[in-house]
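Chemist: Got a predicted structure here, sequence first:
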Amino acid sequence: MQKVFVMSHPVAFDPSTLKYNEAGLIPAIAQDEVSGEVLMMAWMNAQAIEKTLETGRVTYWSRSRQSFWIKGETSGHVQELVDFRIDCDRDCLLVLVRQTGAACHTNRRTCFYTAVRDGAETELMAPMA
């Protein structure tokens with residue numbers, strides 16, 4: 001079993017200490033809490049981070065719609081937050097989630113269903129039934 005180091009004196013989290021891009025966004029990688037499978041990458045802003053931490057429902061910022069996007073709100077493919085992590089440079093997030101249904105808008109378990117092998121793209125999985 002893996003040992004996890006926990007700081008003896010936790011520091012209050014302040015989203016303003018993260019490094020956002022020029023649009024005020026930071027990449028967030030969603031990973032399945034049980035399998036470790038990388039499910040998707042999307043963007044968050046400070047408010048999406050706060051909503052995610054407050055509600056336990058992973059909330060992203062949709063660049064195309066310019067609005068908040070609570071994963072599963074319309075599809076039912078919910079991401080329940082299990083753990084929220086910040087990388088060492090503070091410019092990328094990892095959200096460990098309990099995924100219900102597909103994570104990808106193409107109705108696949110993961111957005112990373114295409115591999116490049118021998119110079120050709122290969123689909124690794126079909127959409128979920």
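Modeler: Nice, thanks for sending it over. Since the model is a prediction, treat every value here as computed from it, not as a measurement.
Chemist: Just the buried positions in stretch 105-125, please.
Modeler: Under the neighbour-count criterion of 16 or more other CB atoms under 10 Å, stretch 105-125 has Arg108, Arg109, Thr110, Cys111, Phe112 buried. Every C-beta, even on glycine, is put in place using the N, C-alpha and C of the backbone.
Chemist: gap between the two ends of it?
Modeler: Distance across stretch 105-125, first residue to last, is 14 Å (CA to CA, to the nearest Å).
Chemist: Could you do stretch 9-23 as well?
Modeler: Stretch 9-23 has an end-to-end distance of 33 Å (CA to CA).
Chemist: could the buried residues of stretch 105-125 go into TSV alongside secondary structure?
Modeler: Shown next, in TSV, are the buried residues of stretch 105-125 (DSSP: H, G, I helix; E, B strand; the rest coil):
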residue	secondary structure
Arg108	coil
Arg109	coil
Thr110	coil
Cys111	coil
Phe112	coil
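Chemist: Looking at the residues you listed, which one is closest to Phe68?
Modeler: Closest to Phe68 out of these is Cys111 (19.2 Å), distances taken as CB to CB.
Chemist: Run through the residues that contact that closest one.
Modeler: Leu39, Met40, Met41, Ala103, Cys104 (CB atoms under 8 Å, 6 or more residues apart in numbering).
Chemist: which secondary structure element contains the first one?
Modeler: Pointing back at Leu39 there. Leu39 is part of strand 38-44 when elements are defined by DSSP states H and E.
Chemist: next helix or strand past that strand?
Modeler: Next helix or strand after strand 38-44 toward the C-terminus (DSSP H and E): helix 46-55.
Chemist: now that next one and strand 38-44, what's the angle there?
Modeler: 120 degrees (axes from the mean of the first three to the mean of the last three CA atoms, to 10 degrees).
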